[in-house]
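>>> Predicted model and sequence below, questions to follow.
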Amino acid sequence: MSEVSADYREKVAFLYHFSQFVEWPTSAFSSPTAPLVVGVFGNNPFGDELVREVRGQCINGHPLVVHQMSSPPGLQNCHILFLNPSEKKRLPQILGAVRGGPVLTVSETDHFLEAGGMINFVHADGRVRFEINEAAAQQAGLKISSQLLALATRTEAGY
């Protein structure tokens with residue numbers, strides 16, 4: 001098992017915290033105890049860290065689980081979807097596969113918000129930070145808490 005960089009350990013913590021500060025419509029879950037699925041599409045930069053971070057955690061009665069995703073069919077089954085920058089060429093296809101569904105899309109890819117993504121990791125002042133496209137989240141039926149919006153380095157109301 002390779003060591004995960006401090007950068008990615010911090011991003012793992014952010015992904016977990018995003019689950020606490022985003023509200024999904026009840027229709028996003030098949031039952032009140034259905035899992036909240038965190039999907040990773042493309043190369044997994046988190047190693048086992050993400051699985052360890054969410055193991056045993058529940059958000060509003062939904063246990064958190066992590067799935068490695070390899071193709072656009074099935075992405076609608078995720079609640080949070082991290083898109084590795086290695087998949088940048090397929091970004092329109094991937095975002096198109098989840099458009100309209102209650103899937104919080106997260107990446108660390110240039111122009112991710114402009115492409116319709118919702119949260120993009122950036123570096124600012126030597127730290128991992130994030131930007132938010134609130135309009136894209138709203139179109140997907142997601143409500144991002146004002147606390148999370150206040151932490152973003154940039155919040156876009158729409159593109």
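That came through fine. Quick caveat: nothing in here was measured; it's all calculated off a predicted structure.
>>> what's the helix ranked longest in the chain packed up against?
When the chain is parsed with DSSP state H, its longest helix is helix 6-21. The contact analysis (3 or more Cβ pairs under 8 Å, 6 or more residues apart in numbering; DSSP states H and E) places helix 6-21 against strand 36-41, helix 49-54, strand 80-83, strand 104-107, strand 119-124, strand 127-133, helix 146-151. (Each C-beta comes from the backbone N, C-alpha and C, glycine too.)
>>> Can you list the buried residues in the helix or strand of the chain with the lowest mean pLDDT?
Lowest by mean pLDDT, DSSP states H and E among the helices and strands of the chain is strand 154-156, with a mean of 75. By 16 or more other Cβ atoms under 10 Å, the buried positions in strand 154-156 come out as Thr155.
>>> Sheet partners, orientation included, of it?
Partners of strand 154-156 in the sheet, by DSSP bridges, are strand 127-133 (parallel).
>>> got the contact list for the strand it pairs with?
By Cβ atoms under 8 Å, 6 or more residues apart in numbering, the surrounding residues in contact with strand 127-133 are 7, 10-11, 14, 113, 116-123, 144, 148-149, 151-156, 158-159.
>>> Weed out the non-buried ones from the residues you listed.
For the contacts of strand 127-133, a neighbour count by 16+ other Cβ under 10 Å gives the buried set as 11, 14, 113, 116-121, 144, 148, 152, 155.
>>> Just the closest of these to Ala97, please.
Minimum distance to Ala97 across the buried ones among the contacts of strand 127-133 is 11.6 Å, recorded for Gly116 (Cβ to Cβ).
>>> Just put the buried ones among the contacts of strand 127-133 in TSV and tack on distance to Leu95.
As requested, the buried ones among the contacts of strand 127-133 are exported to TSV (distance: Cβ to Cβ, whole Å):
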residue	distance to Leu95
Lys11	19
Phe14	20
Leu113	11
Gly116	5
Gly117	7
Met118	10
Ile119	13
Asn120	12
Phe121	16
Ile144	18
Leu148	21
Ala152	19
Thr155	19
